[in-house]
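>>> Need coordinates for the below:
(2 chains)
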Amino acid sequence: MKQEGKRAIWSEYQKEIADDKFFYVRSCIRQNFFPGSEVAFLRIMRDVLKKDVYEHPCHTTCSGIGYHGDVVPVETAMTVVARQFALMTEAGYTNYVPSCITSFGLYTEILDTWHHFPEVEEKVRKQLKKATGREFRIPENLAHASDVIYKFRKEIFAQAKYKLINKETGEPLKVVDHIGCHYAKMFPSKGVGGAEYPYVLSGMVEEWGGETIDYPERRHCCGFGFRQYLVQANRGFSVACSKEKFESMKPFKPDMIITNCPGCPMFLDRWQYVINEMEGKRYGKNGEGIPVFTYEEVAGLVLGFDPWDLGLQMHQTDCEPVLKKMGIEYSPEDKYNTKICASVSENHNLINV
Amino acid sequence: MSKHVIVIGGGVAGLEAAGQLSKAGIEVSLIEKDSLTGGHLNNWYKLFPDRRHSSEVKAYLDGISLNDRIRLLTGTTVEKFHRNKSHFSIITDKGKELSADAVVVATGFDLFKSEKKEEYGYGIYDNVISSSDLEVMFRSGKIVLQNGTVPKTIGIVHCVGSRDEKAGNLYCSKLCCVTAVKQAIELREHLPASKVFCFYMDMRMGGAFYEELYREAQEEWAVNFIRGKVSEASETIDNKLVIKVEDTLAGRPLKMELDLLVLMAGMEMSEGGKKIATLSGLTTGQNRFFSAADPHYGSNRSNINGVFYAGTCTAPMNITETISHARAAVSDVMDYLKESN
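Residues are numbered from 1 along each chain as shown, chains lettered A, B, ... in the order given. Next up is the predicted model:
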């Protein structure tokens, strides 16, 4: 493989990412799946990077899962999104940062639709005004939260306590980066590095000392695929998809998986447990699973956050192999003694302070 | 007084046009950006459909174009292009000013840059090559993988950068199908133990004896033709390529391991042609090639009186068509010079 070929492609896909004053919108499902991740994002942005990040208490779902699950019509989704933009406008912000990849994809798709069909935007404006009395401005900058962490990856590394390096061997950790489908597959120019070889997570991994793995099923679905999982009868397909990926990445002996989507870490994590239950099969080294992380969790580990404050005890595939490799000091006995982020100041669990 | 014509481009069309003009008693200045004339012909191995060596055609073109009436300016580019009534003035990158009574634009084509189809991994995976790279291998007589071993399973992808909205090229490059058939046969000739698979959308075998070559590939060389677009290529830990493709006749997806993947790069308006268009005000079409004054009976004439087109700067063409087109351009030039006397 020629790394310079990838670099040439990456250089084609650079996007503008705002520097400060972010209007942050959480995901519907991430807080259930990986409850520490969004808190970690806020902590990194506010405490470590000293950035202004605002959350609005009236923010709702973007309806993206319903839209992609064929139960929410596009015009409804547009009006819901218009309301979110109205909240941003009312709060005096212009840089919109969704936590969820599907939200990011939906916002991107809607903004592109409005760009090409201004009459649709006009109609949505009227609908929103009629229904809520609200008005909105189009965000000046739309970036996924992983874009923002990518932008500040060097600043994060400057304050790093740990690196993505095996402390025993001195070798870079081998990392599988898995990008959510709705990040760049629909609009390659809106993703860092494009759709085929996205750089958003690879950039973080490289900066923090690791090495990314390119394996044959890299682009394959994580197993969520919405209807594969949401329709109960299809769940066998969901496990089969994830299994295909694990089989494909196994020969490369990955130390961990990093993701930037709500569904991907959930399914890559959970289905490893399920496959082990069904077939007694594990894909990591020494009979272990391959730990799966969100990018906020990885950033938090690099910065020295307590693994249990990051919510890593919620993972179904144990994260400890990576903690040990990185030489992270942690307390095994506190794993399930949740301190409700005792080490985090109480403000971080509030929306805005 | 003798008339003077500038020919821009020293590929097949430019050489043929220059040769025919000189035969008719016209003084010619032939400007070629590379150090050698012949253009893409210098890289090709054997030509379809008769499989004669490309050097034979090059020898013919040299034979008609190397004479005292043709001033050859190789390694030279056009930097300024002016028209003053019926006279043209061209200034080269070397500061040389040339004046002429007419200009023939024969700037040819560039091959589609295969790395733009990112999903195929050209420039990233070691054993993904273009049709042009394979011609160079045939010429060297050495068809080997990056690690020096001989490929056993080879895939050929048609329509790379052609008929592809995403690549910005809606048109068919017309010659990639027959090139794929020719190269598949040549691979089987050079590597009898190999298996060759062609992945196509349609087989567009429009030229004389192309269809026969396609049958020969199947019947005599056991080349496998699978109707379906390759969606992606990737690499295993053993440096093998894995491709995913939909077999649309069987109605099922395929996943296949290959040693070598060859991409049939399409034809695009050349960068040199684009530059001439900008300098001169010559118009281009939606496909970015030069647009002819009339698509039916004026394909050699341009929007500028006294400037003519020859060859693939107007559309994809094979060598036979290119030579005919260049001769037709000369016929138009001669009429123009006669009328402007």
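>>> Low-confidence ranges, the chain, go.
With no chain named, the answer covers chain A. A:338-353 (pLDDT under 70).
>>> actually it's chain B I care about, not the one you picked
B:1.
>>> the domain parsing of it - what is it?
B:4-108+B:270-339, B:114-267 (automatic domain parsing).
>>> Quick check: end-to-end length of the shortest one?
I take that to be domain B:114-267. 11 Å (Cα to Cα, to the nearest Å).
>>> quick one: it to chain centroid distance?
17 Å (Cα atoms, centre = their mean, to the nearest Å).
>>> quick one: that domain near chain A?
Yes. Judged by Cβ under 8 Å from any Cβ of the partner chain, domain B:114-267 comes into contact with chain A at B:115, B:118-119, B:121-126, B:232, B:234-237, B:242. Just so you know, the C-beta spots here come from the backbone N, C-alpha and C atoms, and that holds for glycine as well.
>>> Spell out the secondary structure type for the residue sitting furthest away from the middle of chain A.
Distance from the centre of chain A peaks at A:Lys130, with 34.4 Å (Cα atoms, centre = their mean). Look at A:Lys130: counting by DSSP: H, G, I helix; E, B strand; the rest coil, its state is helix.
>>> And it, how far from chain B?
38 Å (Cβ to the nearest Cβ, to the nearest Å).
>>> dump the residue contacts of that residue.
Applying Cβ atoms under 8 Å, 6 or more residues apart in numbering or on different chains to A:Lys130 gives no contacts.
>>> Check the gap between it and A:Ala82 for me.
As defined by Cβ to Cβ, to the nearest Å, A:Lys130 lies at a distance of 12 Å from A:Ala82.
>>> so who does the closest residue to A:Glu155 other than its chain neighbours touch?
For A:Glu155, ignoring the flanking residues on the chain, the nearest one in space by Cβ to Cβ, 6 or more residues apart in numbering or on different chains is A:Leu49 at 6.0 Å. By Cβ under 8 Å, 6+ apart, the residues touching A:Leu49 are A:Phe152, A:Glu155, A:Ile156.
>>> mind listing which of those are in strands?
Of those, none are assigned to strands by DSSP state E.
>>> Can you tell me which of the residues you listed is closest to chain B?
A:Phe152 (26.7 Å; Cβ to the nearest Cβ).
>>> Show the backbone phi and psi for residue 229.
You didn't pick a chain, so chain A it is. phi -100, psi -40 (degrees, to the nearest 10).
>>> B:Lys229 too?
Dihedral angles (degrees, to the nearest 10) for B:Lys229: phi -90, psi 140.
>>> Do I have it right that it meets B:Val245?
Yes. Using Cβ atoms under 8 Å, B:Lys229 is in contact with B:Val245, at 6.8 Å.
>>> more crowded one of those two?
B:Val245 (21 against 16; other Cβ atoms under 10 Å in any protein chain shown).
>>> Sticking with that one, tell me its helix or strand.
strand B:241-247 (DSSP states H and E).
>>> Can you name the element that comes right after that strand?
Next element after strand B:241-247 (DSSP H and E): strand B:252-258.
>>> Report the buried residues of the longest helix anywhere in chain B.
Longest helix in chain B, counting residues (DSSP state H): helix B:319-339. Going by neighbour count (16 or more other Cβ atoms under 10 Å in any protein chain shown), the buried part of helix B:319-339 is B:319, B:321-323, B:325-330, B:332-334, B:336-337.
>>> restrict these to those near chain A?
Among those, chain A is touched by none when using Cβ under 8 Å from any Cβ.
>>> circling back: buried among the residues of domain B:114-267 next to chain A? Need that as a selection in PyMOL.
Selecting only the buried entries of the residues of domain B:114-267 next to chain A in PyMOL, with 16+ other Cβ under 10 Å as the criterion:
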select buried, chain B and resi 115+118+119+121+122+123+124+125+126+232+234+235+242
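>>> In terms of distance to A:Pro291, which of the residues of domain B:114-267 next to chain A ranks first?
A:Pro291 has its nearest neighbour among the residues of domain B:114-267 next to chain A in B:Ile237, at 20.7 Å by Cβ to Cβ.
>>> That closest one reaches A:Pro254, doesn't it?
No. With contact defined as Cβ under 8 Å, B:Ile237 does not count as touching A:Pro254 (11.5 Å).
>>> Can you show me the helices along the stretch 101-250 of chain B?
Here the stretch 101-250 of chain B has its helices, by DSSP state H, counting those that start in this stretch, at B:131-140, B:176-190, B:210-219.
>>> Now render those helices as JSON lines, adding distance to A:Asn166 and mean neighbour count.
Formatted as JSON lines, those follow (distance: least, Cβ to Cβ, whole Å; neighbours: other Cβ atoms under 10 Å in any protein chain shown):
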{"stretch": "helix B:131-140", "distance to A:Asn166": "39", "mean neighbour count": "18"}
{"stretch": "helix B:176-190", "distance to A:Asn166": "44", "mean neighbour count": "23"}
{"stretch": "helix B:210-219", "distance to A:Asn166": "52", "mean neighbour count": "16"}
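>>> who touches the residue lying closest to A:Leu312 once chain neighbours are set aside in this structure?
Sequence neighbours aside, A:Cys319 is the residue nearest to A:Leu312 in space, at 4.4 Å (criterion: Cβ to Cβ, 6+ apart). Each residue near A:Cys319 by Cβ under 8 Å, 6+ apart is listed here: A:Pro291, A:Phe293, A:Pro307, A:Leu312.
>>> Among the residues you listed, which one lies nearest to chain B?
A:Pro291 (20.7 Å).
>>> Can you report how many residues lie near that closest one?
Around A:Pro291 there are 25 residues (other Cβ under 10 Å).
>>> Tell me which residue is most central in chain A.
The C-alpha lying nearest the average C-alpha coordinate of chain A belongs to A:Asn260 (Cα atoms, centre = their mean; 2.4 Å).
>>> Please look at that one and A:His144 and confirm they touch.
Yes. With contact defined as Cβ under 8 Å, A:Asn260 reaches A:His144; the gap is 6.9 Å.
>>> Spell out which residues belonging to the stretch 1-150 of chain B are near chain A, please.
Counting by Cβ under 8 Å from any Cβ, the residues of the stretch 1-150 of chain B near chain A are B:Glu115, B:Glu118, B:Glu119, B:Gly121, B:Tyr122, B:Gly123, B:Ile124, B:Tyr125, B:Asp126.
>>> I figured the first one hits B:Tyr122, correct?
Okay, so that is B:Glu115. Yes. Using Cβ under 8 Å, B:Glu115 is in contact with B:Tyr122, at 4.8 Å.
>>> Kindly point out which residues are neighbours of both of those two.
What both B:Glu115 and B:Tyr122 touch, as defined by Cβ under 8 Å, 6+ apart, is the set A:Gly5.
>>> show me the contacts for the closest residue to chain B within the stretch 251-353 of chain A.
The stretch 251-353 of chain A approaches chain B most closely through A:Pro251 (4.4 Å), counting by Cβ to the nearest Cβ. Shown in contact with A:Pro251 (Cβ under 8 Å, 6+ apart): A:Tyr215, B:Thr236, B:Ile237.
>>> how about 6 Å then?
B:Ile237 (Cβ atoms under 6 Å, 6 or more residues apart in numbering or on different chains).
>>> Check the one 3 residues further on too.
Contacts were defined as Cβ under 6 Å, 6+ apart; by that measure A:Pro254 touches A:Lys174, A:Val176, A:Ile213, A:Ile290.
>>> Look up how far B:Lys275 lies from the residue nearest to B:Thr77 when sequence neighbours are not counted.
Residue nearest to B:Thr77 in three dimensions, not counting chain neighbours: B:Asp93, with 4.6 Å by Cβ to Cβ, 6+ apart. Relative to B:Lys275, B:Asp93 is positioned 11 Å away (Cβ to Cβ).
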